[in-house]
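S.K.: Sequence first, then the predicted structure:
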Amino acid sequence: MELQVIEKSDFDLFVQNLINNYPVEGVKRKNGAFYYGPIKSAEELCLDFDCTKIPPNKTYFLPPEETLLRFTTAPSLEVTPVIETNPYIIFGVHPYDLKAINQMDQVFARGVPDPHYLKRREAALIIGVDPTKVTPRSFWADMEADAVSDGFDLMLTDIRDRFVVEIGSDKGRALLAQYGTARPATKDEARKRVKIRSQVSHLCKQRGLTFPKREIPKLLERSEETLLWEEKASKCLSCGTCNLVCPTCYCFDVLDDVELDLVHGERIRRWDGCLLQDFAKVATGENFRETKASRYRHRFYRKGLYLFRVLNDVACVGCGRCASACLADIADPVDVFNKLKEDEQ
Amino acid sequence: MNQSALEVSPYLPQWAEISRIEDLTASEKLFEMHLVSGEPLGHEPGQFVELSVMGIGEAPISVSSPPRGNNSFELAIRKVGNLTNAVHSLNIGDRVGIRGPFGTHFPTEETKGKDLLLVAGGIGLVPLRSFIHFVLDRRDEYGEITILFGARNPSEQLFLDELKQWEKREDIDYLETVDRADPKWKGNVGVITTLFLKIDFDPSKTYCIVVGPPVMYRFVILEAKAKGIPDAQIFLSLERRMKCGVGKCGHCQINHIYVCQDGPVFRYSDIFDIEEAL
């Protein structure tokens, strides 16, 4: 592992140099919450956030809506794919979100690759940062998402008066060398980094799973018939907010958006959510997941069992966004998984 | 990853030009078309395409014709939503977008030399017709062939000329029924499973291929099993909302299965224990 150090006194200049040379996106505070957005000055960049409302991959790689194709219908039918490739920097991504990014990269690359996602992902330089705070619903430490070994170009850890910077790629090394003032980390600084990381992980473990994460897939396999799905889903508003804020939810709809001239238009991809009532409905009216319980259950099975078969890992990183955002407060995976476990005993 | 593969959008359709339109029923039309590129579609019986009208949208439609050496293919389309309404208003010479073909196909090779029991309910005849034509074009390569077709009422029968031809053929058995008769109807009345009482086959060498509405599968499969056909010799084609066709968008997911990639044609023994499948 290659560790460098950048002094806090040099840090703003590093950020400013990046801003001068790249579009830089990062975390900003807005109305007491945290969102990703364009960073125009070093002061604007927030690195001590607990969790953003919307995860970075669903701000940039799979945005709420994106153009897949542009077309004209007259005088002749013409269609052009829209695939973006301009380099940009995402500054300030927590390890659990990096883990979600790594998982989403896999699903968009496997089978038929999706260049609309992959090109935008490839063009991004990611500067990760270790969290210093946790939300009341975070449980990423229990989901083994408190550290990742790849998916970032640089990874920062705040050790009070300086940042330790892990080099994650050649691009990251070049970025730091060209725009920052860094030196190799001392053994003491490296130890300090480990200590600070474990302190935050410990803080995150104040609440969490009562059993090891690896048991989740088997637990779900045994829980198809439990009444918990019905019980929880009876309060579900079918609003899809849990899908919307989730960094590993990537379902989408494909639809056409036509200009008023009825000649020019775009085929767009827009987020969809499996908790929404019509998600599995076909044209003839048959709805293959008609009940709230079937949709609620599907989401947990998709995270904990179906995608597990693809990723060899549970597709929940413990960010706690769904739990924080759910109006009916039924989405918390910690509550659900612990209850399933408890009911078995 | 291959760089060139990354440049090609899987959502980019090719153009196809409509060369023939035939009214099938009050709400279904048959569209014959060919790719403007001159290439064949390259499909197998049972596969589907994503059909688009630019500005309206896209929907999964099964190919109703078998691959036949010429470059044209047929889509039989029920007018039921935005896209299919728009398609019904198109004329000969108009162009539509085509992606695909996608998905698995009926077992054309595995069934060679075996007996076939082909069961279609309503619009399920549309995908199954590609396989029926495929085997009738190679009649000698297959054993006994029995076709069962059920419609809700006589006015919902599709491909009437073809049904009559099948009825006349000596080398196949064709039986049909309607759930509700009209005054002119002289044939069988009752749900499709009632036709099982009128046929005889050797279950050990029979493959049962079923396509119809969700409710039909349960009952037809029960009949087929009761007659002794092994689960591994029962195939079905499942309808779901295949939106992207490339295993990403999540709409067609049945537990861990993506119907657009792992289906739409499934072997019953592979899915009988999957909770959301049937």
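M.R.: Ah, there it is.
S.K.: Please make it C-alpha for all contacts and neighbour counts, starting now.
M.R.: OK.
S.K.: Report the buried residues of stretch B:123-142.
M.R.: B:123-135, B:139, B:142 (16 or more other Cα atoms under 10 Å in any protein chain shown).
S.K.: how about the residues of the stretch 1-150 of chain A near chain B?
M.R.: A:68-69, A:71, A:73, A:79-81, A:83, A:107-108, A:111-116, A:118-119 (Cα under 8 Å from any Cα of the partner chain).
S.K.: go again using 6 Å as the cut-off
M.R.: A:Val112, A:Pro115 (Cα under 6 Å from any Cα of the partner chain).
S.K.: Quick check: the residue of the stretch 1-150 of chain A nearest chain B.
M.R.: A:Pro115 (4.9 Å; Cα to the nearest Cα).
S.K.: Run a quick neighbour tally on that residue.
M.R.: 25 (other Cα atoms under 10 Å in any protein chain shown).
S.K.: Distance check, it against A:Phe252.
M.R.: Look at A:Pro115 and A:Phe252: by Cα to Cα, to the nearest Å, they are 15 Å apart.
S.K.: just A:Val107 next, same as before
M.R.: A:Val107 is 13 Å from A:Phe252, by Cα to Cα.
S.K.: Among these two, which residue is more densely surrounded?
M.R.: Neighbour count, other Cα under 10 Å: between A:Val107 and A:Phe252, A:Phe252 has more, with 23 against 19.
S.K.: Enumerate every residue touching the more buried one.
M.R.: A:Phe252 is in contact with A:Arg270, A:Trp271, A:Asp272, B:Cys249, counting by Cα atoms under 6 Å, 6 or more residues apart in numbering or on different chains.
S.K.: So which of those residues sit within strands?
M.R.: In this view, those that belong to strands under DSSP state E are A:Arg270, A:Trp271.
S.K.: Run a quick neighbour tally on the residue in the stretch 101-250 of chain B that chain A sits nearest to.
M.R.: For the stretch 101-250 of chain B, the residue closest to chain A is B:Cys249, as judged by Cα to the nearest Cα, at 4.5 Å. By the criterion of other Cα under 10 Å, B:Cys249 has 22 neighbours.
S.K.: What of A:Arg191?
M.R.: 12.
S.K.: That one and A:Arg173, how far apart?
M.R.: 21 Å.
S.K.: Tell me the helix or strand right after the helix or strand hosting A:Ile101.
M.R.: Under the criterion of DSSP states H and E, A:Ile101 resides in helix A:95-109. Beyond helix A:95-109 in the direction of the C-terminus, DSSP H and E gives the next helix or strand as helix A:115-122.
S.K.: Give the buried residues for that next one.
M.R.: For helix A:115-122, a neighbour-count test (16+ other Cα under 10 Å) marks A:Pro115, A:His116, A:Tyr117, A:Leu118, A:Lys119, A:Arg120, A:Arg121 as buried.
S.K.: now do stretch A:334-345
M.R.: A:Val334, A:Asp335, A:Val336, A:Phe337, A:Leu340, A:Lys341.
S.K.: which residues touch the closest residue to A:Pro23 other than its chain neighbours?
M.R.: Computed as Cα to Cα, 6 or more residues apart in numbering or on different chains, the closest residue to A:Pro23 that is not its neighbour in sequence is A:Tyr88, at 5.1 Å. Residues counted as contacts of A:Tyr88 (Cα under 6 Å, 6+ apart) are A:Tyr22, A:Pro23, A:Ala124.
S.K.: try B:Lys184
M.R.: With Cα under 6 Å, 6+ apart, B:Lys184 has no contacts at all.
S.K.: Just to be sure, it is in a strand?
M.R.: No: B:Lys184 is assigned coil when assessed by DSSP: H, G, I helix; E, B strand; the rest coil, not a strand.
S.K.: where does it fall, phi/psi-wise?
M.R.: phi -80, psi -10 (degrees, to the nearest 10).
S.K.: Near residue 40, how many other residues are there?
M.R.: You didn't pick a chain, so chain A it is. Neighbour count of A:Lys40, defined by other Cα under 10 Å: 16.
S.K.: my question was about chain B
M.R.: 16.
S.K.: same deal with the one 5 residues further on?
M.R.: When counting by other Cα under 10 Å, one arrives at 26 neighbours for B:Pro45.
S.K.: How is B:Phe196 assigned, secondary-structure-wise?
M.R.: helix.
S.K.: list the contacts for it?
M.R.: So B:Phe196 contacts nothing (Cα under 6 Å, 6+ apart).
S.K.: Ok, B:Thr108 next?
M.R.: Listed by Cα under 6 Å, 6+ apart, B:Thr108 has no contact partners.
S.K.: in what helix or strand does it lie?
M.R.: Using DSSP H and E, no helix or strand contains B:Thr108.
S.K.: In a strand, A:Leu255, correct?
M.R.: Yes: the assignment for A:Leu255 (three-state DSSP) places it in a strand.
S.K.: So which bits of the stretch 151-300 of chain A are right by chain B?
M.R.: So the stretch 151-300 of chain A meets chain B at A:Cys251, A:Phe252, A:Leu255, A:Asp256, A:Val258, A:Ala280, A:Val282 (Cα under 6 Å from any Cα).
S.K.: The same query, at a cut-off of 7 Å, please.
M.R.: Taking Cα under 7 Å from any Cα of the partner chain, the part of the stretch 151-300 of chain A that reaches chain B is made up of A:251-258, A:265, A:279-284.
S.K.: coming back round to it: ok, and of the buried residues of stretch B:123-142, which contact chain A?
M.R.: Okay, of the buried residues of stretch B:123-142, nothing touches chain A (Cα under 7 Å from any Cα).
S.K.: So which bits of chain B are right by chain A?
M.R.: B:6-10, B:12, B:54-57, B:80-81, B:240-241, B:243, B:246, B:249-252, B:255-256.
S.K.: Got a PyMOL select line for the buried ones in these?
M.R.: The buried subset of the residues of chain B next to chain A, as determined by 16+ other Cα under 10 Å, is captured in PyMOL by this line:
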select buried, chain B and resi 6+7+9+10+12+54+55+56+57+240+241+243+246+249+250+251+252+255+256
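S.K.: which residues of the chain fall in helices?
M.R.: Defaulting to chain A. A:8-21, A:57-60, A:95-109, A:115-122, A:170-179, A:187-204, A:216-221, A:228-233, A:241-245, A:292-301, A:307-311, A:321-325, A:333-344 (DSSP state H).
S.K.: Correction: the question concerned chain B.
M.R.: Under DSSP H, chain B gives helices at B:3-7, B:82-88, B:125-137, B:160-168, B:214-226, B:259-262, B:268-271.
S.K.: Using JSON lines, lay out those helices together with distance to B:Glu17.
M.R.: As requested, those are exported to JSON lines (distance: least, Cα to Cα, whole Å):
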{"stretch": "helix B:3-7", "distance to B:Glu17": "26"}
{"stretch": "helix B:82-88", "distance to B:Glu17": "12"}
{"stretch": "helix B:125-137", "distance to B:Glu17": "20"}
{"stretch": "helix B:160-168", "distance to B:Glu17": "25"}
{"stretch": "helix B:214-226", "distance to B:Glu17": "32"}
{"stretch": "helix B:259-262", "distance to B:Glu17": "24"}
{"stretch": "helix B:268-271", "distance to B:Glu17": "36"}
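S.K.: Deepest-packed of these, please.
M.R.: Mean neighbours per residue, mean count of other Cα atoms under 10 Å in any protein chain shown, is largest over the helices of chain B for helix B:259-262, with a mean of 23.
S.K.: any idea of the mean pLDDT in it?
M.R.: Predicted confidence along helix B:259-262 averages 95 (mean pLDDT).
S.K.: And stretch A:208-218, by the same measure?
M.R.: Taken as a whole, stretch A:208-218 has a mean pLDDT of 96.
S.K.: Okay, now it: how far is its last residue from its first?
M.R.: Stretch A:208-218: ends 18 Å apart by Cα to Cα.
S.K.: Of the buried residues of stretch A:334-345, which fall within the contact range of chain B?
M.R.: Okay, of the buried residues of stretch A:334-345, nothing touches chain B (Cα under 7 Å from any Cα).
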